[in-house]
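Okay, sequence plus prediction incoming.
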Protein chains: 6
Amino acid sequence: MPERTLLVVGAHSADFVWRAAGAVATFVRNGGRAHVVAMSYGERGESGELWKQPDQTEENVKRIRHAEATAAAEHLGASFEGLDLGDYPLRADEDAVGRLVEVIRELQPRVILTHPDKDPFNPDHPVARQAVDRARLLTSGAGVDSAFRTVPPTEYLAFEPHQPELCGFLPSVFVDITPVFEQKLSAMAEMKAQRYLQEYYAQRAEHRGNHARKVTGDKSIRQAEAFQRLVPNVVGAL
Amino acid sequence: MPERTLLVVGAHSADFVWRAAGAVATFVRNGGRAHVVAMSYGERGESGELWKQPDQTEENVKRIRHAEATAAAEHLGASFEGLDLGDYPLRADEDAVGRLVEVIRELQPRVILTHPDKDPFNPDHPVARQAVDRARLLTSGAGVDSAFRTVPPTEYLAFEPHQPELCGFLPSVFVDITPVFEQKLSAMAEMKAQRYLQEYYAQRAEHRGNHARKVTGDKSIRQAEAFQRLVPNVVGAL
Amino acid sequence: MPERTLLVVGAHSADFVWRAAGAVATFVRNGGRAHVVAMSYGERGESGELWKQPDQTEENVKRIRHAEATAAAEHLGASFEGLDLGDYPLRADEDAVGRLVEVIRELQPRVILTHPDKDPFNPDHPVARQAVDRARLLTSGAGVDSAFRTVPPTEYLAFEPHQPELCGFLPSVFVDITPVFEQKLSAMAEMKAQRYLQEYYAQRAEHRGNHARKVTGDKSIRQAEAFQRLVPNVVGAL
Amino acid sequence: MPERTLLVVGAHSADFVWRAAGAVATFVRNGGRAHVVAMSYGERGESGELWKQPDQTEENVKRIRHAEATAAAEHLGASFEGLDLGDYPLRADEDAVGRLVEVIRELQPRVILTHPDKDPFNPDHPVARQAVDRARLLTSGAGVDSAFRTVPPTEYLAFEPHQPELCGFLPSVFVDITPVFEQKLSAMAEMKAQRYLQEYYAQRAEHRGNHARKVTGDKSIRQAEAFQRLVPNVVGAL
Amino acid sequence: MPERTLLVVGAHSADFVWRAAGAVATFVRNGGRAHVVAMSYGERGESGELWKQPDQTEENVKRIRHAEATAAAEHLGASFEGLDLGDYPLRADEDAVGRLVEVIRELQPRVILTHPDKDPFNPDHPVARQAVDRARLLTSGAGVDSAFRTVPPTEYLAFEPHQPELCGFLPSVFVDITPVFEQKLSAMAEMKAQRYLQEYYAQRAEHRGNHARKVTGDKSIRQAEAFQRLVPNVVGAL
Amino acid sequence: MPERTLLVVGAHSADFVWRAAGAVATFVRNGGRAHVVAMSYGERGESGELWKQPDQTEENVKRIRHAEATAAAEHLGASFEGLDLGDYPLRADEDAVGRLVEVIRELQPRVILTHPDKDPFNPDHPVARQAVDRARLLTSGAGVDSAFRTVPPTEYLAFEPHQPELCGFLPSVFVDITPVFEQKLSAMAEMKAQRYLQEYYAQRAEHRGNHARKVTGDKSIRQAEAFQRLVPNVVGAL
């Protein structure tokens, strides 16, 4: 049986940790393969603590961010790849879309996770989303034979942004991450310079766990992550 | 292990057939129990052919509609119950909500299906939806111990209306009904006076099947039904 | 050929003048019949100037408002009827809906105009809208023969509210009222105590005329009124 | 100079504490008066811990909830009043609206805070909101002299619900509650049986504080509360 | 009197057939001129059957698609033009917009039809829409004299996409295509490799015909097409 | 104390006058500094009267428009700067965004005003908005230290477009411009060739003044301007 693969695409190298580490670890624990692509390292706009060090350079920040993301991905059982397209602003031209197309053709992912399409507080997140939208459709051929190599359709979901309402994020699925929550904590701990976000997203997982408990009545759920489906999913039965 | 139960609530006695017969039959085939509640028989506003017969009476129309719905439910392996609250207009006061509360307390359904909240072409569908919303919340106790008997939370979905866009219907899940499609055809055939709808919803199932094939790439899907989740669902993994 | 009839339903007796007088006069000028129903006289909440007179009574205010609305309707060639259901709050129970049902059955209108469904500045407008929605559907029988007398379907539009954006009003049609603008001015002038609104809606007609000129490039349009279609319209050709 | 008054209306007696305690305390600290109205005590649906005690009665639960809410309000410098209309389901008929009308006439509040209009997890919150909407408009007379006693218009805002996105909550204003955060903690501590919510809303205040810091760049903000304006506000200058 | 002209712009060469053939034929039958522009031939992403032939080439696919579209347009009385900009991905830079600008200046169309602005299943449809939006505005000069040659404003509508709800398509006008339905069938039959879509859109026309019958009560309507107005239309009377 | 600065960015050189002159003058009167940036002079698409002069040239139109905008800004106490990027179409590439970034870095504005994100009647307004969105975020660094120079966050509002509802404009704040209304009239009078807009926006200010009076009950308000907040604002108290 072919391996099930999960692809996570973030604008910056730490995005996947805060928003989807639990879903990634769960996917791997269930026998799947997970791969993370960061379109940039967030080296300019999201590495504030690192820039406090004297004589800091952009290359060094990117090196550190690459190492942190790789280590975080390892805690989850995933692989990590940085496209190094630059941040603030991230620019995703047709070449960048082409690189995502290659990744999708090679991995043939069953599920793709990325950003919501709107974020009034971040210039790069919507750019990343638009590129993933486009790459995903350019490999799908609308379900017919084509002049180009297509891959099977994927599930497609947005992970939770930092300020959900202001990004138009409406959760449609919660993933119970209780069994892998320690892995998420370990992955977040790799992002050493972002202590505030470690606490914020640990609490957020507890809150989403509470919501998931209320929705299901299943008191064994402690932590969860929220996602929004971008295309309907297909099931054999309810 | 307790039996899984599906509850379908429609404003009129034939609603469940057109919009959810496939999901009902699939649920039963998978070992669950399905129960259909019709708030009225649609005896005034949706039984046009029957009123063409001379000397037709409201009681007789209701009798025929009850028999048709019961037979249709049997094709799907489900039970049927008519609350006989009257149609055009359906009125759902607190007593009517109370009857739905009793049904929910007794069945403890795992999944509830009903109408979207808006329909510019039907006066009764939104009334039914509002009553189900209310009954569902009044049996849930917001997840805490309460002064009244609560039941475990349910999944909650809207089935597809006749004119989806004008009802604000946005599908979030397709159910593959290929294996039970003959059952849906048989159930629809019981609604003898509504030949047009039989054809329409058979075609609709084909179209939704096509959409589901495009989403999954699974060419074995022939027919499907579309639903919109009204509360997020919770899953252990993607 | 049967006469084409236009029905306008307002919460208060002056609503039709500000928002639809031009469309009413145009309809009549084109050979149709127009009838205005006011669910109340706005005697409590929209007759401020009249209450400044010493010893004013509710009955007297209603008498004056009835006379003003009748005179205004006459300028447009329309008939006027007040249901006298009371305002602030207007209550539209099933009996009130039943009265609208009777009006619709008798008139068999080709077009119905009423309020948008939302108004953060007026408690009665949404109540009127909901009653008209319901009465309209209860006389339509969803296009089939029914146990009750149905009438042919109508076009259905909302007229422009005082603060369009805050009411969710999105214009989908402008009516050129240039040829009947004097009639609208005369009708508005009957509302003697509401001089501000006379000026406001005269200007509004100029602005909507400007919008209509920009949309069409037709420089002969001077004044217009804006409406939002609530159900799609059907045309023989574009 | 007349005293500025703030009115908070919740469906249940603890709602104001979690969602608006900081804004209430700030209002009082600035010299205003604050009054809290609870439409019910939440005695059936939101007092789970109390019902775990043997021989508990509804009257006793209501007594305890009244005492807790009164004590919490005192920490904030506010007064508390329970309408005792019953919960799960809360029913707000015209009499209930009339009681709110009386409160608004007497207090002549400058600002009113209440629930968003939608909540897929709570049957009573939207009922409370609708009653406040109606009472507020029935005392406003659309800015004109009327047949009834009107009061000056109020600012009108929704406080933050438990699951903002699913309630359609879009924050339009954050209140910096740093100087009164200890008072909010004390008020929340009165709700002895709801320890989880105490923690949740303490964290929520930190998160909203972070959002407010990002929006302003003012690092002295530690905690904040989020509100959505329901009517535009008017300012002398930006 | 100047000839009335209709312009249809699609991303791929077959789009106009499925979605607007009836409106095109009706327009021509009423004495107008119709011109179809395809931004690409859909040679890569929407010509699956053709690619099943051995030794197929892109040039040959484009040649076949051009011939099919030209023949289909002839059945409707329209002319066809392919811009050959490439598909999957369609790229519409300022030069492409410039070509549409030239078409609009030359034709001075009274009505423009194109795609909705959103399509989660197709990468090219939104690109085409955006180009048409831009070209249309760049020839309009906001209704004033300009430094460039402007043309009279046009009506502007979106035709129906394949999955209306997921594309945010809300029909605002149905065109009765009963008298020209045979022409639509003939036009669709030219698209020999897309038998499924021929059946789908024949059925869709029946469904929309049913909707149009319900809206008007006019039983002579058998088939219809649905469109969404993108700017308000202006009428002389209702 | 550092000076408070207001930045207004319009697509064309006259936009700021119609939509925000009152807010600009009020800001300056309160001791702040105001700077206006026009991305183009609207020399091609919005200077119709000027093009009626024989032998008119683009350079001359731009010269006149620059002089008019400078004079208008002076009436308000503001400075004016034209980026001269060309109009119809305005193109805002990364260089153009870079110029706005420089302006924002230098001014460190407390408030930024610009266009809504949608305008079905203007090709340039959404382009300007998108550029300002991007420049604003690229100077904010998400509130953290960065590899680039950031500035304190700004308030961010859209000014009122010509057809508010069709642009999705929902006012969230009215500015009372009564004390500076004469200045707005003087500024508008500089736009000598656009007499219609002078009248339109004078009336619009009266209407918005009426709305503001209704919202506040403050009868001293005569004229106002409407704005929509694009990010929540933060206040010390309600």
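Received, thanks. What you are looking at is a predicted structure, and each value in this text was computed from that prediction instead of being measured.

could you check the angle helix D:195-216 makes with the longest helix seen in chain A?
When chain A is parsed with DSSP state H, its longest helix is helix A:195-216. Counting by axes from the mean of the first three to the mean of the last three Cα atoms, to 10 degrees, helix A:195-216 lies at 130 degrees to helix D:195-216.

So the very next helix or strand once past helix A:195-216, near chain B or not?
Remark: after helix A:195-216, the chain's next helix or strand is strand A:224-229, criterion DSSP states H and E. Yes. Contact of strand A:224-229 with chain B (Cβ under 8 Å from any Cβ of the partner chain) involves A:224, A:226-227, A:229. C-beta here means a position set from N, CA and C on the backbone, and glycine is covered the same way.

show me where pLDDT drops low in chain A?
A:1-2, A:141-145, A:236-237 (pLDDT under 70).

ok, residue A:103 touching residue A:37?
Yes. Residue A:103 is in contact with residue A:37 according to Cβ atoms under 8 Å; the separation is 5.9 Å.

And those two? Which one has more around it.
residue A:37 (24 against 18; other Cβ atoms under 10 Å in any protein chain shown).

In three-state terms, label that one for me.
strand (DSSP: H, G, I helix; E, B strand; the rest coil).

Residue A:7 is in contact with that one, correct?
Yes. Residue A:37 lies in contact with residue A:7 (Cβ under 8 Å); the separation is 6.9 Å.

Which neighbours do those two have in common?
Common contact partners of residue A:37 and residue A:7 (Cβ atoms under 8 Å, 6 or more residues apart in numbering or on different chains): residue A:103.

follow-up on the earlier one: tilt between the longest helix of chain A and strand A:224-229?
Using the same axes, to 10 degrees, helix A:195-216 lies at 80 degrees relative to strand A:224-229.

list the residues that contact both of residue A:103 and residue A:37?
Common neighbours of residue A:103 and residue A:37 (Cβ under 8 Å, 6+ apart) are A:7, A:81.

Tell me, how many residues neighbour the residue lying closest to residue A:220 once chain neighbours are set aside?
Of all residues not flanking residue A:220 in the chain, residue A:178 sits nearest, at 6.9 Å (Cβ to Cβ, 6 or more residues apart in numbering or on different chains). Using other Cβ under 10 Å, residue A:178 has 19 neighbouring residues.

just residue A:59 next, same as before
9.

ditto for the one 4 residues further on
By other Cβ under 10 Å, the residues close to residue A:63 number 13.

Quick check: the gap between it and chain F.
14 Å (Cβ to the nearest Cβ, to the nearest Å).

what about that residue, which helix or strand?
Assigned by DSSP H and E, residue A:63 falls in helix A:58-76.

Tell me which other helices or strands that helix touches.
When contacts are defined as 3 or more Cβ pairs under 8 Å, 6 or more residues apart in numbering or on different chains; DSSP states H and E, helix A:58-76 sits against helix A:15-29, strand A:33-38, helix A:48-51, strand A:79-82, helix A:181-189.

ok, residue A:76 - contacts?
Counting by Cβ under 8 Å, 6+ apart, residue A:76 touches A:21, A:24-25, A:28, A:34, A:180, A:183-184, A:187.

I'd guessed residue A:197 sits against residue A:188; true?
Yes. Using Cβ under 8 Å, residue A:197 is in contact with residue A:188, at 7.4 Å.

which one of these two has more residues nearby?
residue A:188 (24 against 18).

The more buried one and residue A:226, how far apart?
According to Cβ to Cβ, to the nearest Å, residue A:188 and residue A:226 sit 17 Å apart.

Among the helices and strands packed on helix A:58-76, which comes closest to chain F?
helix A:48-51 (3.2 Å; Cβ to the nearest Cβ).

Is any residue of that closest one near chain D?
No. Helix A:48-51 stays clear of chain D (Cβ under 8 Å from any Cβ), getting no nearer than 12.5 Å.

now do stretch A:167-177
Yes. Using Cβ under 8 Å from any Cβ, stretch A:167-177 reaches chain D at A:169-171.

before we move on, the earlier item: right, so the helices and strands packed on helix A:58-76: which one is the most enclosed?
Among the helices and strands packed on helix A:58-76, the stretch with the highest mean neighbour count (mean count of other Cβ atoms under 10 Å in any protein chain shown) is helix A:15-29, at a mean of 27.

Output it in CSV, but only the C-alpha positions, please.
Included here for helix A:15-29 are C-alpha records, laid out as CSV according to Å, rounded to 0.1, in the frame of the first residue of the first chain:
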residue,chain,number,x,y,z
ASP,A,15,4.8,28.5,11.3
PHE,A,16,4.2,24.7,11.2
VAL,A,17,5.3,24.3,14.8
TRP,A,18,2.7,26.6,16.4
ARG,A,19,-0.2,25.8,14.2
ALA,A,20,0.1,22.1,13.2
ALA,A,21,2.8,20.3,15.2
GLY,A,22,0.2,18.1,16.8
ALA,A,23,-1.5,17.1,13.6
VAL,A,24,1.9,16.4,12.0
ALA,A,25,3.0,14.1,14.9
THR,A,26,-0.4,12.3,14.9
PHE,A,27,-0.1,11.7,11.2
VAL,A,28,3.3,10.2,11.6
ARG,A,29,2.3,8.1,14.6
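
near chain B at all, it?
Yes. Applying Cβ under 8 Å from any Cβ, one finds that helix A:15-29 is in contact with chain B at A:23, A:26-27, A:29.

need the residues you listed in a markdown table with distance to chain E, can you?
Output for these, formatted as a markdown table (distance: Cβ to the nearest Cβ, whole Å):
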| residue | distance to chain E |
| --- | --- |
| A:23 | 21 |
| A:26 | 26 |
| A:27 | 23 |
| A:29 | 30 |
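
wait, which of those is closest to chain D?
Closest to chain D, out of all of the residues of helix A:15-29 next to chain B and judged by Cβ to the nearest Cβ, is residue A:23, at 18.3 Å.

hang on, the closest one packs against residue A:113?
Yes. With contact defined as Cβ under 8 Å, residue A:23 counts as touching residue A:113 (6.9 Å).

So for these two, which residues contact both of them?
With Cβ under 8 Å, 6+ apart as the test, residue A:23 and residue A:113 both reach A:6, A:159, A:227.

so how many other residues sit close to the second one?
By other Cβ under 10 Å, the residues close to residue A:159 number 22.

ok, now the first one?
Residue A:6 has 26 neighbours, counted by other Cβ under 10 Å.

Check for me that it belongs to a strand.
Yes. Under three-state DSSP, residue A:6 sits within a strand.

Distance of residue A:33 relative to chain C?
Relative to chain C, and taking Cβ to the nearest Cβ, residue A:33 is found at 47 Å.

Enumerate every residue touching that residue.
Here residue A:33 is in contact with A:3-6 (Cβ under 8 Å, 6+ apart).

Just the buried ones from those residues, in PyMOL syntax?
Buried residues within these, by 16 or more other Cβ atoms under 10 Å in any protein chain shown, are selected in PyMOL with:
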select buried, chain A and resi 4+5+6
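
Which two of the contacts of residue A:33 have the greatest separation?
Using Cβ to Cβ, the contacts of residue A:33 span at most 10.4 Å, a distance reached by A:3 and A:6.

Now list whatever residues contact both of the two.
What both residue A:3 and residue A:6 touch, as defined by Cβ under 8 Å, 6+ apart, is the set A:32-33.
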